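>>> Structure here, sequence nowhere to be found:
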């Protein structure tokens, strides 16, 4: 699978991913098994403590997992995820999620997603496991 095909898959996914669009996620880089995303923390993303709700960094990392795991051409869905929040985020902070493939078999993929702020500080660590279906994104191109 080449980068052009990976970009085509992620573009198709993003075009129909209303939640990622609502979050304001920007796709910065895609390659097979890899994805880097960017997002700005908005006021409506803050919890009662005035910091970003944990679900915001989780959602950004989850989108990075989805894009990177599907970039090989087979439709993949998450079966297990977890996150550790290490630094709080405030309104107007810009964050990045970088997803890297750690293991890939015929049926299972394991990914590590690091969420950082503009200073390069790690703000969350996310692990995702996906099930790789046999359904291709673009079967007509085979």
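Here it is on my side, so go on. Please read these numbers as outputs of a predicted model, since none were measured by experiment.
>>> Quick one: mean pLDDT for stretch 18-30?
Stretch 18-30 carries an average pLDDT of 97.
>>> Touching it from outside, list them.
Outside stretch 18-30, the residues that touch it by C-beta atoms under 8 Å, 6 or more residues apart in numbering are 3, 6-7, 10-11, 14, 35-40, 42, 56, 59-60, 63, 67-68, 71, 96. From N, CA and C alone the C-beta is placed, and that goes for glycine too.
>>> Spatially nearest residue to residue 104 (excluding sequence neighbours)?
Once flanking residues are discounted, residue 104 sits nearest to residue 33: 6.6 Å by C-beta to C-beta, 6 or more residues apart in numbering.
>>> One more: residue 17?
residue 63 (7.2 Å).
>>> what's the neighbour count on the residue nearest to residue 104?
18 (other C-beta atoms under 10 Å).
>>> residue contacts, it?
Neighbouring residues of residue 33 by C-beta under 8 Å, 6+ apart: 68-69, 71-72, 100-101, 104, 109, 111.
>>> Now which of these would you call buried?
The neighbour count (16 or more other C-beta atoms under 10 Å) marks 68-69, 71-72, 101, 104, 109, 111 as buried among the contacts of residue 33.
>>> Closest one to residue 121 out of those, please.
Lowest distance from residue 121 to the buried ones among the contacts of residue 33 (C-beta to C-beta) belongs to residue 111, with 21.0 Å.
>>> Against residue 55, how distant is that closest one?
Separation of residue 111 from residue 55 (C-beta to C-beta, to the nearest Å): 19 Å.
>>> Just confirm residue 54 contacts residue 83, I think it does.
Yes. Checked against C-beta atoms under 8 Å, the pair residue 54 and residue 83 is within contact range at 7.4 Å.
>>> thinking again about what came up before, out of the buried ones among the contacts of residue 33, which are inside strands?
Among the buried ones among the contacts of residue 33, the members found in strands (DSSP state E) are 101, 104, 109, 111.
>>> How about the third one: what's its closest non-neighbour residue?
Same thing as residue 109. residue 130 (4.6 Å).
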